[in-house]
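Participant: I'd like to go over a predicted model; first the sequence, then the structure.
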Amino acid sequence: MNRALILCASLAFIGLASPAVAQDHTDHQMPGMDMSNDPAAAAYKAAMDKMHADMGSVQPSGNADVDFARGMIPHHQAAIDMAKAQLEYGKDPEIRKLSEDIIAAQEREIKQLQDWLAKNAPK
């Protein structure tokens, strides 16, 4: 896992642990960007909005490991969704390869988290 992904995961988890701070994620519009005319930006925003909603619905269990795993699944899914949007709209071969690698890695990690939760999460 690269440093940027670790940072994103850490920040996302802090948002999960701090509901008062994580409340306002409704507008991810970048300054000067009209997303209605940019399907890639709209797809990235949709992925982030879904991630925040899904992460926000995770109920704390009192077990830091379980809560981390439950929060990381939607975070990883958002990375997959954004990478798929990049593949649909992007053109740069290096970034396209990175998007393919991100999809493969995040799918593996989601499976690992799901398997771990199946064995360890309270029922």
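Facilitator: Right, received. Where do you want to start? For clarity, every value in this text was computed on a predicted model and none was experimentally measured.
Participant: only C-alpha atoms for contact and neighbour calcs from this point on.
Facilitator: Noted.
Participant: Got the confidence number for the residue nearest the centre of the chain?
Facilitator: With distances taken as C-alpha atoms, centre = their mean, the residue of the chain nearest its centroid is residue 75 (2.5 Å). What the model reports as pLDDT for residue 75 is 97.
Participant: any chance you could map the strands in the chain?
Facilitator: Using DSSP state E, no strands are found in the chain.
Participant: Quick one: mean pLDDT for stretch 111-122?
Facilitator: Here stretch 111-122 scores 96 as its mean pLDDT.
Participant: so the residue nearest to the centre of the chain makes contact with residue 55?
Facilitator: Yes. Taking contacts as C-alpha atoms under 8 Å, residue 75 lies within contact range of residue 55: 7.4 Å.
Participant: Grab the longest helix from this structure for me.
Facilitator: Secondary structure of the chain read by DSSP state H shows that its longest helix is helix 93-120.
Participant: For it, list every residue counted as buried.
Facilitator: By 16 or more other C-alpha atoms under 10 Å, the buried positions in helix 93-120 come out as 96, 99, 102, 103, 106, 107, 109, 110, 113, 114, 117.
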